[in-house]
Each structure stands twice: as structure tokens, then as C-alpha cells.
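Peer 1: I would like the atomic coordinates for the input below:
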Amino acid sequence: MIIAILFWGSIFLILYAYLGYPALVWFFARFKSQDFSEEKYEPSVTLLIAAYNESAAIAKKIENSLALDYPREKFQILITNDGSDDGTDKIVRSYANRGVEMVSGAARQGKMIAIKRGIKAARGEIIIMSDATNAYSLNTIKALVAPFADSSVGLTSGAKFVPKGDGVLGSSEGLYWKYESWIKKEETKLGCCINVTGEIYAVRKFLFGAPPDGIINDDFYMMMNVIKQGYRVIYTPNAQSWERVSKTATDEIERRARINAGRYQAMAMAKDYLPYDRPLVIWQIVSHKFIRPLIPFGMILAFIANFLTFFFPAPPNATFWLLAEPWNRFFFSAQMLFYASALLGNYFKGGRFSKILYIPTFLVNSNWAALKGFFRFANRRQTTLWQRVQRREE
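Peer 2: Now for the predicted structure:
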């Protein structure tokens with residue numbers, strides 16, 4: 001009985017995180033659909049780009065930013081340079097005659113310190129946070145700021161896309177972002193989105209709250225700060241950010257491990273920032289952000305519990321739910337096939353066969369990253385300094 005409870009409890013955790021919560025959000029959104037204004041609204045805006053040793057990408061980023069469709073007199077492009085020593089600052093200065101501004105620190109202090117420095121120099125009512133390696137669609141600024149015409153909106157987040165041509169890893173990443181995009185659309189209809197894409201989000205300047213020292217996922221903290229002050233977070237899919245996928249699956253795992261270490265940290269600090277007067281939002285946060293990092297533990301427990309049924313079998317006349325023969329063998333075989341497919345998917349880099357394998361491969365790699373993130377958080381080995389991940393085009 002205990003083995004069966006462990007197995008089915010683990011399966012429920014996994015299915016709830018991936019399918020149950022999205023389905024419930026979709027269902028509830030049918031009864032409580034809150035729209036936001038899409039009227040023309042053009043406040044002053046600062047595009048804040050944090051950069052550390054981005055000489056290979058910063059010129060392309062600046063050119064993309066200068067081409068964005070927004071009134072130039074209301075649009076400040078500000079690079080906050082975190083002590084780069086590869087010539088990034090010289091490249092940025094070469095654009096000074098085109099209105100690009102820069103604030104710079106003498107030595108590397110981390111992304112959050114760089115952002116705080118940039119906020120002091122920002123003139124816009126709305127601050128848009130961006131990375132140095134992504135490109136925005138031309139209408140992105142207008143799409144991001146339009147919902148701020150509604151005074152209840154404190155933060156907006158755009159959509160992330162992976163260009164075609166990045167192989168199996170790009171296909172799996174692209175599918176993941178489509179899945180997340182659908183969830184965020186439904187959360188927005190429900191009243192408040194609780195997932196921010198760090199490379200494309202906008203916040204009212206007066207609501208900006210700098211995270212305390214040691215925070216790993218600064219974008220999540222800033223989102224929670226806005227929510228706790230009673231404002232809404234809106235997903236704006238027409239604001240689009242394009243970025244190539246990580247160069248290798250190993251690089252992607254490392255990137256996700258850092259994010260997941262930040263999620264465990266956020267769970268540990270939850271009592272300090274959860275909006276206790278908004279129970280619906282708390283349910284969303286727990287379901288979308290806190291249960292996801294626990295999935296690898298559910299996968300491990302399901303495997304172990306299933307394996308134990310061969311040594312502690314249920315009575316022959318037991319029900320399906322107690323994993324009696326032949327159901328214990330069926331589920332164990334299914335798990336073995338799933339993990340074998342993921343293992344093969346890491347070796348087949350192209351072709352039709354790899355496309356069949358990329359979903360189990362992506363899921364296993366993502367949850368392996370979550371497990372690595374847990375041990376980094378538990379051992380306090382995750383630094384707050386961000387590490388530049390090589391992208392495919394580089």
C-alpha cells in the first residue's frame with residue numbers, strides 16, 4: 001500500500017505540474033476573464049541592457065534597439081556595463097552620437113548591481129529590461145507599454161522565440177516556450193500572470209524594487225515585489241524577443257541549473273513575499289513556480305517505488321492501483337523506455353529519429369538541471385554573478 005501511494009503520489013505531482021495546473025487555469029479563466037487596455041499609450045521608456053563582456057553581440061543589439069518603432073524623443077537606450085574588459089564599453093561609446101547612453105562600473109559586481117546603477121540614470125516612466133544577446137521585433141516596445149494605460153498593471157512580460165534552424169535542441173526549446181506562452185496567456189485572462197521572461201519585461205519605475213544581496217533570480221523577485229504591492233502582471237505575446245538556443249545541451253543544462261537554484265531559493269524565502277491577500281495568485285505561484293522544481297524528485301520516487309514492487313509484490317488479486325502483476329512490469333517498462341529514449345536523444349543530433357526523441361530528452365535534461373540546481377542551492381554553490389552562455393550563431 002505504501003509503495004503504491006508513493007508511486008501514484010509521484011505520478012500525480014508530475015501530471016499536475018505539466019497538465020493539471022494548465023488545464024485548471026484554462027478552466028477558471030473561462031469564468032473570470034480580465035482583459036487589459038490595448039489603446040495607444042506612449043509613456044517615456046528606458047530600455048535597460050545589462051552587459052558583461054558582450055563585444056561579440058552588443059553592436060547587433062544596439063542596431064536592433066535603434067530600429068525599434070517608438071518615438072525617439074520618448075525612448076532612452078541605456079547600456080549598463082558591468083566592468084567589461086573585452087572592449088564592450090568602446091563599442092557602446094561609438095554609438096553615443098546616435099543617442100545611446102552608458103553607465104559603467106570599474107569592476108564586475110554582478111547583474112543586479114549593474115541594474116541598480118542603470119535605474120539611477122534611467123529617465124523613463126517605464127523601464128524595459130533586456131539582455132545583450134536577444135533581438136526584439138520592431139513593435140515590441142509599443143506592445144510592452146500598451147497595457148500600462150490600465151493603472152492596475154505594474155509589469156508586463158513579452159514572448160520568447162527560438163529561430164528555426166537550431167536543430168533538435170532548438171526545436172525542443174521552441175516547443176517549451178510555446179507551451180509556456182499558452183499558460184501565460186491563460187494566467188493573464190485569469191487576472192495576473194506569474195511568469196516573467198527576464199530578457200523582455202517592463203516595469204513602472206516607481207515600482208522597481210531592487211532584490212537584496214544574494215538573490216539569484218532577480219526577475220522573479222522583482223515580479224513578486226510588484227504583485228505584493230497589489231498590481232497585476234500581464235503577458236503581452238505581441239512583444240517578441242528572439243534568441244538562438246544554447247550552443248550545446250550541456251550549456252543549456254547549466255543555464256537551467258542556475259535558474260532552478262534560484263527557484264529553490266525563492267521557495268525558501270516565500271513567506272517574505274507571497275501576497276497573502278491574493279489566495280488565487282498564491283495558488284498560481286505554488287503550482288507554476290514551486291512544484292516544477294520538485295518534478296525530478298517525483299520522477300525518482302516513481303522509479304524507486306515501481307522497482308520495489310518486484311521485491312514486495314502486491315497480492316495476486318490486488319487492483320490495478322496497487323501495481324499488481326502485470327501492471328508493475330508495464331509501468332516499469334514504460335519508465336525504462338522513456339529514459340532510454342532521453343539517453344538516445346542526447347546522441348542523435350539530427351534527422352527524423354532525433355525529432356521523435358526530443359520531447360523525452362528535453363524533459364529529462366530539464367529535470368536533471370533542476371536536480372543540479374537543488375544541490376547548488378543546498379550547498380550554497382550558486383553564485384549570483386551571471387555566466388554568459390554561448391549561443392548557436394557564435
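
Peer 1: so where do the helices sit in the chain?
Peer 2: Assigned by DSSP state H, the chain shows helices spanning 2-15, 21-29, 58-66, 88-93, 111-121, 140-145, 167-190, 218-228, 249-268, 270-273, 279-285, 295-308, 327-345, 352-378.

Peer 1: what mean pLDDT does the fifth one get?
Peer 2: This predicted structure assigns helix 111-121 an average pLDDT of 89.

Peer 1: distance of the closest residue in space to Arg108 that isn't next to it in sequence from Ile11?
Peer 2: Spatial nearest neighbour of Arg108, excluding adjacent residues (C-beta to C-beta, 6 or more residues apart in numbering): Gly83 at 3.9 Å. Bear in mind the C-beta positions are built from the backbone N, C-alpha and C, glycine included. Distance of Gly83 to Ile11, given as C-beta to C-beta, to the nearest Å: 48 Å.

Peer 1: kindly report the same for Asn97.
Peer 2: When Asn97 is compared with Ile11 (using C-beta to C-beta), they lie 61 Å apart.

Peer 1: the two - which one has more neighbours?
Peer 2: The neighbour comparison of Asn97 against Ile11 (other C-beta atoms under 10 Å) goes to Ile11, with 17 against 7.

Peer 1: in this structure that one contacts Gly298, no?
Peer 2: Yes: counting by C-beta atoms under 8 Å, Ile11 does reach Gly298; the two are 7.5 Å apart.

Peer 1: how about the helices of the chain in CSV, adding distance to Gly158?
Peer 2: Shown next, in CSV, are those (distance: least, C-beta to C-beta, whole Å):
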stretch, distance to Gly158
helix 2-15, 29
helix 21-29, 19
helix 58-66, 14
helix 88-93, 23
helix 111-121, 18
helix 140-145, 6
helix 167-190, 10
helix 218-228, 12
helix 249-268, 18
helix 270-273, 23
helix 279-285, 19
helix 295-308, 26
helix 327-345, 30
helix 352-378, 22
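
Peer 1: pLDDT value on the residue nearest to Arg108, please?
Peer 2: Note on Gly83: pLDDT of 86.

Peer 1: quick one: residues contacting it.
Peer 2: Residues near Gly83 by C-beta atoms under 8 Å, 6 or more residues apart in numbering: 52, 104-109.

Peer 1: go on, Arg292?
Peer 2: Arg292 touches 17, 263, 370, counting by C-beta under 8 Å, 6+ apart.

Peer 1: state the distance from the residue lying closest to Asn260 once chain neighbours are set aside to Ser152.
Peer 2: Computed as C-beta to C-beta, 6+ apart, the closest residue to Asn260 that is not its neighbour in sequence is Gly373, at 2.8 Å. Using C-beta to C-beta, we find Gly373 at a distance of 34 Å from Ser152.

Peer 1: these two: which has the busier surroundings?
Peer 2: Gly373 (25 against 15).

Peer 1: just name the shakiest helix or strand of the protein by mean pLDDT.
Peer 2: helix 167-190 (a mean of 84; mean pLDDT, DSSP states H and E).

Peer 1: chain center to it, what's the gap?
Peer 2: Its chain's C-alpha centre and that of helix 167-190 lie 10 Å apart, by C-alpha atoms, centre = their mean, to the nearest Å.

Peer 1: which neighbouring elements make contact with that helix?
Peer 2: helix 21-29, strand 153-161, strand 232-242, helix 249-268, helix 279-285, helix 352-378 (3 or more C-beta pairs under 8 Å, 6 or more residues apart in numbering; DSSP states H and E).

Peer 1: let's go with 10 Å and repeat that
Peer 2: If you count contacts as 3 or more C-beta pairs under 10 Å, 6 or more residues apart in numbering; DSSP states H and E, helix 167-190 packs onto helix 21-29, strand 153-161, strand 232-242, helix 249-268, helix 279-285, helix 327-345, helix 352-378.

Peer 1: isn't Asn53 right up against Thr133?
Peer 2: No: in this structure, Asn53 is not within contact of Thr133 by C-beta atoms under 10 Å, at 11.5 Å.

Peer 1: higher neighbour count, these two?
Peer 2: Set side by side, Asn53 and Thr133 show more neighbours around Thr133, with 22 against 18, by other C-beta under 10 Å.

Peer 1: the more buried one against Glu199, yeah?
Peer 2: Yes: with contact defined as C-beta under 10 Å, Thr133 reaches Glu199; the gap is 8.1 Å.

Peer 1: so what sits against both of these two?
Peer 2: Common contacts of Thr133 and Glu199, defined by C-beta atoms under 10 Å, 6 or more residues apart in numbering, comprise 49, 243.

Peer 1: was I right about Met269 contacting Ile215?
Peer 2: Yes: under the criterion of C-beta under 10 Å, Met269 makes contact with Ile215 at 8.5 Å.

Peer 1: looking at the two, which one has more neighbours?
Peer 2: Each of Met269 and Ile215 has its neighbours counted (other C-beta under 10 Å); Ile215 has more, 18 against 15.

Peer 1: so what's the more buried one up against?
Peer 2: Counted by C-beta under 10 Å, 6+ apart, Ile215 has contacts 112, 221-222, 262, 265-266, 269, 384.

Peer 1: mind listing what's buried along stretch 253-261?
Peer 2: Going by neighbour count (16 or more other C-beta atoms under 10 Å), the buried part of stretch 253-261 is 253, 256-261.

Peer 1: show the average pLDDT along that stretch.
Peer 2: The model assigns stretch 253-261 a mean pLDDT of 87.

Peer 1: do the same with stretch 148-163
Peer 2: For stretch 148-163, the per-residue pLDDT averages 92.
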